[in-house]
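A.B. asks: Based on what follows, work out the 3D shape:
(2 chains)
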Amino acid sequence: MRRILGILLIPAIAGCGWMIFFWVPAEASMGIVQKIMYIHVPSVMVAYFSFFIAFISSVGYLWKRKEGFDIVACSTVEIGVIFCGIAIVTGSIWARPTWNTYWSWDPRLTTALILFLIFVGYILLRRFTTYGEQQARLSAVIAIVGCLDIPLIHMSVVWWRTLHQPSTILSTQKNVIDRPLAIMLWISVFTMALLFAYLLSMRIELEQKTRAYLKQIANIY
Amino acid sequence: MVSDIWTILAKDIKLDFRSMENFFSMLFFSIIILLIFAFALPADTHDHKTLAPGIFWVTFLLSGMLSLNKSFQMEKENGSMEALLVSPTSRGAIFLGKMAGNTVFIMIIQAMLIPLFSLLFINTAISHFGELLLLSLISTIGFTAIGTLLSGLTTDLRFKDILLPILLFPLLVPLLLASVKITQGILWSQGFQSELDWVKLLIGFDLMFLIISYLTFDFVMEI
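C.D. replies: Here you go, the predicted model:
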């Protein structure tokens, strides 16, 4: 299964890259810079999707106490944090030419940043605990609390800035998307989803092997 | 249930006021933070006016951390954690009792800090003492709800002193934003009424985390 995914991924990424640069027309007002969207938007979607899976599997772990849920949760959080980081960095790069600043306290940006921090905390918590039932339990609680906080964070951050700044920044973002651009965006989302599935299956296998090894050591001594 | 909560709360308060160590360390820590802000920031009163709400809530967060840190540490040091857990009280009652204890301590500190804050940064603050204290109470409930959960979660871990703020502060962003906004409303304009949306958000935050923390505390405190 994973082999097939891996084999599919190579032409998918290559084809997607080729299409981004040679097939799809550049956006009228932003020019070539806009092509970063095909990395940025799918990364955000993958990041949010991974955190959502992490939330579901954390609830599943606390409910059913199956180790598989914990493995999925920790794998998805790691992948989610990486994609969230990619989204923030590409967003900053995109923001420089279009909004004329690397960072603005735009609600979506801020939410992504806080989400990134919450789940970096999750990874640190896993680092500071040793493999075992306690680690799984505590990190599941953090994942649940963190995910449930997202709507509140988003709401508060939206109010926080819209009271201050007129939404000149947002209006430039809401351009009506052209048809080839939209198709391209969906293709890149699909490619990124494939990449996510591949990374997830790799990470899960790695985690299973690590745990099997740790159990073996624990039995020897 | 209520009597269990009350017992744990009374025990915490009694222990603390017998030695006064935690109370005084919290109080002086907060005073020092306020003084450091006073030294570090420009002496211009106009600047103080704009910065004051932020200063007040940063001091609140930092001094509140001390209360959370010692909340379960106290039980660990005396080896009474196991006794507490095997006693015939529900985990929920332990959580609510500990949370009430933290709330009481933070509220006493806040009541003492408001006059000092008013003296150092914004003279009109003292005339809004009641409003600021009420706001502090609402914020403190949200802060201690999630803070007590995470404090219980991190007691057993290595590097818990650093892990607690790393986990806690990002989650508290809505609370901090709402508190600062409402304080601005109180200090600069007509009071609570001008920031009603934020008040609703803050109360929503309190209720949500009170319920979530109450429900998940069982999982944190398993042996």
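A.B. asks: quick check, stretch B:154-164 touching chain A?
C.D. replies: Yes. Legend: contact between stretch B:154-164 and chain A by C-beta under 8 Å from any C-beta of the partner chain is shown at B:156-159, B:163. C-beta here means a position set from N, CA and C on the backbone, and glycine is covered the same way.
A.B. asks: Just the buried residues of that stretch, please?
C.D. replies: Neighbour-count burial for stretch B:154-164 flags B:154-155, B:157, B:160, B:163-164 (criterion: 16 or more other C-beta atoms under 10 Å in any protein chain shown).
A.B. asks: before we move on, what about stretch A:62-77?
C.D. replies: For stretch A:62-77, the neighbour count (16+ other C-beta under 10 Å) marks A:62, A:69-77 as buried.
A.B. asks: the helices in the chain, which residues?
C.D. replies: By default, I'm working from chain A. A:2-18, A:37-64, A:67-99, A:107-128, A:133-162, A:168-173, A:179-220 (DSSP state H).
A.B. asks: hm, I was asking about chain B
C.D. replies: So, for chain B - with DSSP H - the helices run B:2-19, B:21-40, B:45-78, B:81-86, B:91-120, B:129-154, B:160-171, B:173-188, B:196-220.
A.B. asks: Contact residues of chain B facing chain A?
C.D. replies: B:146, B:149, B:153, B:156-159, B:163, B:166-167, B:170-171, B:173-174, B:177-178, B:181, B:197-198, B:201, B:204-205, B:208-209, B:212-213, B:216, B:219-220, B:222.
A.B. asks: Which strands or helices does the lowest-mean-pLDDT helix or strand in chain B pack on?
C.D. replies: None of the helices or strands of chain B scores lower by mean pLDDT, DSSP states H and E than helix B:81-86, at a mean of 83. Judged by 3 or more C-beta pairs under 8 Å, 6 or more residues apart in numbering or on different chains; DSSP states H and E, helix B:81-86 is in contact with helix B:45-78.
A.B. asks: low pLDDT regions in the chain?
C.D. replies: No chain specified, so I'll use chain A. By pLDDT under 70, the weakly predicted segments of chain A are A:27-30, A:162-178, A:221.
A.B. asks: was after chain B, sorry
C.D. replies: Residues of chain B meeting the criterion pLDDT under 70: B:191, B:223.
A.B. asks: filter the buried residues of stretch A:62-77 by proximity to chain B?
C.D. replies: Among the buried residues of stretch A:62-77, chain B is touched by A:L62 when using C-beta under 8 Å from any C-beta.
A.B. asks: who's in contact with the nearest residue to B:F205 once chain neighbours are set aside?
C.D. replies: In space, and not counting its chain neighbours, B:F205 is closest to B:G142: 4.8 Å by C-beta to C-beta, 6 or more residues apart in numbering or on different chains. When contacts are counted by C-beta atoms under 8 Å, 6 or more residues apart in numbering or on different chains, B:G142 touches B:172, B:175, B:202, B:205-206, B:209-210.
A.B. asks: From chain B, how far off is the residue nearest to the spatial centre of chain A?
C.D. replies: Centroid-nearest residue in chain A: A:A47, 1.5 Å away (criterion: C-alpha atoms, centre = their mean). Distance, A:A47 to chain B, by C-beta to the nearest C-beta, to the nearest Å: 15 Å.
A.B. asks: And for A:L195?
C.D. replies: Distance of A:L195 to chain B, given as C-beta to the nearest C-beta: 27 Å.
A.B. asks: and the closest residue to that residue other than its chain neighbours, how many residues sit next to it?
C.D. replies: Nearest non-adjacent residue to A:L195, counting by C-beta to C-beta, 6+ apart: A:L9, 6.3 Å away. The local packing of A:L9 (other C-beta atoms under 10 Å in any protein chain shown) involves 16 other residues.
A.B. asks: just checking, A:L9 touches A:A193?
C.D. replies: No. If you go by C-beta atoms under 8 Å, A:L9 and A:A193 don't touch, sitting 10.8 Å apart.
A.B. asks: just to revisit the earlier point, just the buried ones from the residues of chain B next to chain A?
C.D. replies: For those, buried by 16+ other C-beta under 10 Å: B:146, B:149, B:153, B:157, B:163, B:166-167, B:170-171, B:173-174, B:177-178, B:181, B:198, B:201, B:204-205, B:208-209, B:212-213, B:216, B:219-220.
A.B. asks: sorry, back to before: which outside residues touch the least confident helix or strand of chain B?
C.D. replies: B:8, B:72, B:75, B:94, B:155, B:221, B:223.
A.B. asks: now the residue of chain B most remote from its centre: how far from B:L51?
C.D. replies: Largest separation from the mean C-alpha position in chain B: B:D44, at 29.5 Å (C-alpha atoms, centre = their mean). Going from B:D44 to B:L51 by C-beta to C-beta, to the nearest Å gives 10 Å.
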